[in-house]
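Asker: return atomic coordinates for the entry below.
(2 chains)
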Amino acid sequence: MSGNPINILLVEDNPGDVALLKVLLSDECGDHVSIDTASRVSEAITKLDAGGVDVVLLDLTLPDAQGLEALVHLAPHAHRVPVIVQTGLDDDDLAVKAMQLGAQDYINKGKPDGRLLVRRIRQAIERTRTARELAEQRRRMNALLENIPDRVYFKTREGAFIQVNPALARLYGFEDPAQVIGKTDADFFSPEHARQARADEEKVLATGTPIVGKMEKETFADGRTTWALTTKMALKDEAGVVVGTFGVSRDITDLKTTEIALRRSEERYVRLLDSVKDYVYTVAMEHGQVVSTEHGPGCLAVTGYAPEEFKWDPYLWHRIIFPEDRDAVVQSLAQSAKSGAAFEVEHRLVRKDGAIRWVRNKQVPRRDAEDRIVSYDGLMSDITEKMRADEELKAAHAHLMQLEKLHSIGQLAAGVAHEVKNPLQIILIGLQYLADSPAAQEEQSQSVLTEMNDAVRRASCVVQDLLDFSSPRELGMQPRSINALIEKSLRFVRHDLQTAKIEVVKNLAPTLPDALMDPNKMEQVFVNLITNACHAMPKGGTLTVNTRVKGISQTDFAPHKPGDRSGIGFRPGENVIIVEIRDTGIGLAPTTLARIFEPFFTTKSTGKGTGLGLSVTRKIMDLHRGKISIENHPGGGVMATLTLKPAKPADGKTKEDHEQKKDTSRR
Amino acid sequence: MSKKKILLVDDESGFTRLLRLTLPAYDIREVNDPLKAVEVAREFQPDMIFLDVIMPEADGGTVAAQIKQEPTLKNVPIVFLTAIVSKDEAQTRREIGGCEFLAKPVSRDQVDECIRRHLGS
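Answerer: Model prediction:
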């Protein structure tokens, strides 16, 4: 034996029996036992209360208590100490009663056996300790189950409750957890929820794998709902066989309700914010200077700035006005200050996030008794959507007007052509008839006839250009290679290029996608632009033609002028084909550039051009839903840039990809 | 070898007369009233016909359709002359209809070249 000696309290009034037991025990255990004695129950109680006793050996015939009475007195003081009753008689009934009263064991004094005694003492101590530990564990477990707000349950394989804690019982409407035993989820929840819960249990039963922290909406049979975070595990017996399930679920209804309320509130806020299109403001003035501004809460939605930001920075309102519109707004303001009248102005402003919005700004000056302006009270309304709709309407209207105009011009042109060309026809043939006559053989007559011939041809060309310009022809669209068409157009004007000693540089992207176009019309565009470039370089120069793919950015086509439908079909993020045709001439004056697409506007001398070439070119680009721009190039000369849609969405390659692969051949 | 017979239908008598005078190599018959064109054609039996498109009373297309119905004339090449056709249209119509279009004003040489092309003389 090892460890501390066993402290035995021997309650015995017979000194002989005491001596005998001491001998028996020390023989068996040596100094591993320590024996204290008490000859009366009262003495034994005192010693037990003092502590340090591991086991009590109680004789049932004592001077102050007889029989089981001794045990009845002693037991309350020995609740953690095993009591072994010694009976002098071989009386089983007494032994059974003693056990019922709390004795751990009994031994017969008539048959003293040291080894048996020691073994039974040890077993009694061990049993008491185990029972105490079990009781302690159970107490702790019960404390947990009784008090924890989470719901805990144990179920059979079939889903019937074996044990539940009060929290779960309360959820089901019972005070006593025992009332839940034997019931299943189907007794409490909606059929759908019970089915789902059962399916989860069956999964746990089949796999042994727990379901941890599942968030579920519990719908009760009466329609009430709660939210819970649930963990379900397999319940195993000693042999590790799954005999049921157990689990814990936490009520998160409050949390969830708060979360839902918060989300709804946020959504409502966003909706409200989105719907706010107006706000009021006041600009306080002193001696003609702004001293402070006060903006209504709606300013956040319209401008992106909070009311405090306007308060801290009295000139913020001025800075957020779109730069180009600032002078006009300030002028209106000054006008209003001077006249004392209210003013209303529509302008753009730059939001905090950089977006540009259209606003209608109505302001009324307020004056003090001495007629000094003390403040402006204003109403700012976001009219971006309205402006956008107006723009589209204007553009559609302008397009319609343009079509009608073209139709009228077409009819006029046809009439003019018929009435002018027929006389020209007679003059032309007449000139040829005269050229054959003997009188025409004189040198002077010949030169007169040649001049007249040229004049007829020039007049005819003007009428022909007018017809071409106004012919409302439908386009024969087909996917074609822009690069091939450029090559063809260059061959067409080869003679002009060579005559003017113009070098041609081509940077044609080899992977350029096909464009959807009317090849005849588009060839007319290229020939027109290349011919113009030739005319811009009468003493030679370089004609550069570039093609590439480009991704449209937000700013590429942002503001459309009313009526301008060019490039209206382009969307940011889309890939388009870019063609650039550049000359190295002297460039164009800004006044010329502004009017360059106007019909009959020309810088060429009479007879060299009708002023319809670029009008026709732009009309063709419009019909292709493309875009043309003509600008002076920073490096000199003029550059025409064409933007066209690919026949099918261009590949995902970036502009850089295409540029890297560019063919830079020269000829 | 007899001269090729050319029927010229145009309401502009000045033009038809001058063209006839400048092209003496052909036997040119002028018709200035389109309503008489078919009748003259039937009688004249031309090798080739030039038809103005816009004329009073009957346009060139109607006249051409009537001529095409004449058994003895249906294979005679017809060339339209017009003052109001754009370059594109002239090109496209040639490709589509099989009939050639010449945009006025035409020169004597253009007409001559056109006749040679069709009649191979």
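Asker: I'd like the distance between residue A:621 and residue A:517.
Answerer: Residue A:621 sits at a distance of 10 Å from residue A:517 (criterion: CB to CB, to the nearest Å). All C-beta atoms are positioned from the backbone trio N, CA, C, and that covers glycine.
Asker: again but with residue A:112, I slipped
Answerer: 123 Å.
Asker: can you check residue A:432 too?
Answerer: 40 Å.
Asker: would you mind measuring from residue A:232 to chain B?
Answerer: 79 Å (CB to the nearest CB, to the nearest Å).
Asker: residue A:44 now?
Answerer: With CB to the nearest CB as the criterion, residue A:44 and chain B are 131 Å apart.
Asker: which SSE is that residue in?
Answerer: Assigned by DSSP states H and E, residue A:44 falls within helix A:41-50.
Asker: ditto for residue B:110
Answerer: Per DSSP H and E: helix B:108-119 holds residue B:110.
Asker: just after the helix holding residue A:44, pick out the following helix or strand.
Answerer: Counting by DSSP H and E, what follows helix A:41-50 is strand A:55-59.
Asker: partner strands of the following helix or strand past that next one, with direction?
Answerer: Using DSSP H and E, the next helix or strand after strand A:55-59 towards the C-terminus is strand A:61-62. Strand pairing for strand A:61-62, determined by DSSP bridges: strand A:65-66 (antiparallel).
Asker: how about residue 28: what's its closest non-neighbour residue?
Answerer: The chain I'm using is chain A. Using CB to CB, 6 or more residues apart in numbering or on different chains and skipping the chain neighbours, the partner closest in space to residue A:28 is residue A:114 (4.1 Å).
Asker: chain B was what I was after
Answerer: residue B:20 is the one closest to residue B:28 (CB to CB, 6+ apart), at 4.2 Å.
Asker: by how many degrees do the helix holding residue A:44 and strand A:55-59 diverge?
Answerer: Helix A:41-50 and strand A:55-59 are oriented at 170 degrees to each other (axes from the mean of the first three to the mean of the last three CA atoms, to 10 degrees).
Asker: quick check: buried residues in helix A:41-50?
Answerer: A:41, A:43-45, A:47-48 (16 or more other CB atoms under 10 Å in any protein chain shown).
Asker: picking up where we left off before, settle it for me: which of residue A:432 and residue A:517 has more neighbours?
Answerer: residue A:517 (26 against 20; other CB atoms under 10 Å in any protein chain shown).
Asker: surely the more buried one is in contact with residue A:642?
Answerer: No: using CB atoms under 8 Å, residue A:517 makes no contact with residue A:642, being 10.6 Å away.
Asker: returning to what we had before: just the buried residues of helix A:41-50 now: which is nearest chain B?
Answerer: Using CB to the nearest CB, residue A:48 is the member of the buried residues of helix A:41-50 that lies nearest chain B, at 124.9 Å.
Asker: residues contacting residue 10?
Answerer: You didn't pick a chain, so chain A it is. The contact partners of residue A:10, taken as CB atoms under 8 Å, 6 or more residues apart in numbering or on different chains, are A:18, A:21-22, A:35-38, A:57.
Asker: my question was about chain B
Answerer: Taking CB under 8 Å, 6+ apart, one finds B:16, B:30-32, B:50-52, B:55, B:81 in contact with residue B:10.
Asker: ok, residue A:276 next?
Answerer: Counted by CB under 8 Å, 6+ apart, residue A:276 has contacts A:298, A:301-302.
Asker: show me the shaky parts of the chain.
Answerer: Let's take chain A. Residue ranges of chain A with pLDDT under 70: A:1-3, A:88-90, A:273-274, A:406, A:471-475, A:553-572, A:599-601, A:603-611, A:649-667.
Asker: that's the other chain; I wanted chain B
Answerer: Looking at chain B by pLDDT under 70, you get B:1, B:85-98, B:121.
Asker: which part of it gets nearest to chain A, residue-wise?
Answerer: residue B:83 (3.6 Å).
Asker: I'd say that residue and residue A:423 touch.
Answerer: No: with contact defined as CB under 8 Å, residue B:83 does not count as touching residue A:423 (9.8 Å).
Asker: got the residues of the stretch 351-500 of chain A near chain B?
Answerer: A:413-414, A:417-418, A:420-422, A:424-430, A:432-433, A:436, A:456, A:460, A:463-464, A:467-468, A:471, A:473 (CB under 8 Å from any CB of the partner chain).
Asker: just the ones in strands from those, please.
Answerer: Using DSSP state E, the subset of those located in strands is empty.
Asker: just the buried ones from those?
Answerer: Buried, going by 16+ other CB under 10 Å: A:413-414, A:417-418, A:420-422, A:424-430, A:432-433, A:456, A:460, A:463-464, A:467-468, A:471, A:473, out of these.
Asker: SS state for the residue nearest to the spatial centre of chain B?
Answerer: In chain B, the C-alpha nearest the mean C-alpha coordinate belongs to residue B:50, at 0.5 Å (CA atoms, centre = their mean). Look at residue B:50: counting by DSSP: H, G, I helix; E, B strand; the rest coil, its state is strand.
Asker: mind listing what it touches?
Answerer: When contacts are counted by CB under 8 Å, 6+ apart, residue B:50 touches B:6-10, B:78-81, B:102, B:111.
Asker: apply 10 Å and report the result again.
Answerer: B:6-10, B:16, B:19, B:28, B:60, B:77-81, B:100, B:102, B:106, B:111, B:114-115 (CB atoms under 10 Å, 6 or more residues apart in numbering or on different chains).
Asker: so which of the residues you listed belong to strands?
Answerer: Short answer: these in strands (DSSP E) are B:6-9, B:28, B:78-81, B:100, B:102.
Asker: give the contact list for the residue in the stretch 301-450 of chain A that chain B sits nearest to.
Answerer: In the stretch 301-450 of chain A, the residue that lies nearest chain B is residue A:421 (3.6 Å; CB to the nearest CB). Residue A:421 makes contact with A:428, A:456, A:459-460, A:463-464, A:467, B:82-84, B:103-106, according to CB under 10 Å, 6+ apart.
Asker: residue A:6: which of those residues is nearest?
Answerer: For the contacts of residue A:421, the closest approach to residue A:6 (CB to CB) belongs to residue A:467, at 129.4 Å.
Asker: I'd assumed residue B:84 was in contact with that closest one.
Answerer: Yes: here residue A:467 reaches residue B:84: they are 6.3 Å apart, a contact under CB atoms under 10 Å.
Asker: hey, what's in contact with both of these two?
Answerer: Common neighbours of residue A:467 and residue B:84 (CB under 10 Å, 6+ apart) are A:410, A:413-414, A:416-417, A:421, B:103.
Asker: reformat those as TSV; add distance to residue A:173.
Answerer: Listed next are the shared contacts of residue A:467 and residue B:84 as TSV, based on distance: CB to CB, whole Å:
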residue	distance to residue A:173
A:410	87
A:413	92
A:414	93
A:416	97
A:417	97
A:421	102
B:103	99
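Asker: give the buried residues for whichever strand or helix holds residue A:122.
Answerer: Using DSSP H and E, residue A:122 sits in helix A:114-147. Going by neighbour count (16+ other CB under 10 Å), the buried part of helix A:114-147 is A:114, A:117-118, A:120-121, A:124-125, A:128, A:145.
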